[in-house]
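Peer 1: quick one: sequence and predicted model below, then my questions.
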Amino acid sequence: QVQLQESGPGLVKPSQTLSLTCTVSGGSITTAYSGWGWIRMPPGKGLEWIGDITYSGSTYYSPSLKSRTSISRDTSKNQFTLQLTSVTPEDTAVYYCARDPVGNSHYDYWGQGTQVTVSS
C-alpha cells in the first residue's frame, strides 16, 4: 500500500516561497514509469494540477504556474518537494501530493492534503 504524506508550513506571507515536502512509503519514487504530482484545491474551486516529477527526475509544470514552480526530489529519503515562489493570497489552497503509476497524470494514491494559507 503506497502512502503519501505532505508536510510544510500552514501559513506563508505574501511574496515569500511556499515549500512543501511529500514523503512516500510503501513504494519508490524511482519505480519505472511512475510520476509524482502536486495538485491543489483553492477554496470554493476545483482541483488544479501544479506539476509532476517522473521516476527519472523529469519535471512538468502547469503553464499557468510554470514561472513560479519548481519540483525536486531526494531519492535517498523517498521524498519530493514543491516550491512555489512569490505567493499571493490566490495561492491559498489545500495542497495534495499524489502518485501516477504509469505516467499519464491519472493519480491513484493521494496524500491527505495540507492547508496552506497565504496571508500577512
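Peer 2: Right, received. Where do you want to start? Residues are numbered from 1 along each chain as shown.

Peer 1: center of this protein - which residue?
Peer 2: The residue lying closest to the centre of the chain (CA atoms, centre = their mean) is residue 38, at 2.6 Å.

Peer 1: now residue 68: closest residue in space that isn't a chain neighbour?
Peer 2: Nearest residue to residue 68 in three dimensions, chain neighbours excluded: residue 85, at 4.7 Å (CB to CB, 6 or more residues apart in numbering). Just so you know, the C-beta spots here come from the backbone N, C-alpha and C atoms, and that holds for glycine as well.

Peer 1: ok, residues contacting the host helix or strand of residue 71?
Peer 2: Taking DSSP states H and E as the criterion, residue 71 maps to strand 69-74. Contacts with strand 69-74, where a contact means CB atoms under 8 Å, 6 or more residues apart in numbering, come from 29, 36, 38, 50-53, 57, 59, 61-62, 79-85.

Peer 1: buried ones in it, by neighbour count?
Peer 2: Within strand 69-74, the residues scored as buried using 16 or more other CB atoms under 10 Å are 69, 70, 71, 73.
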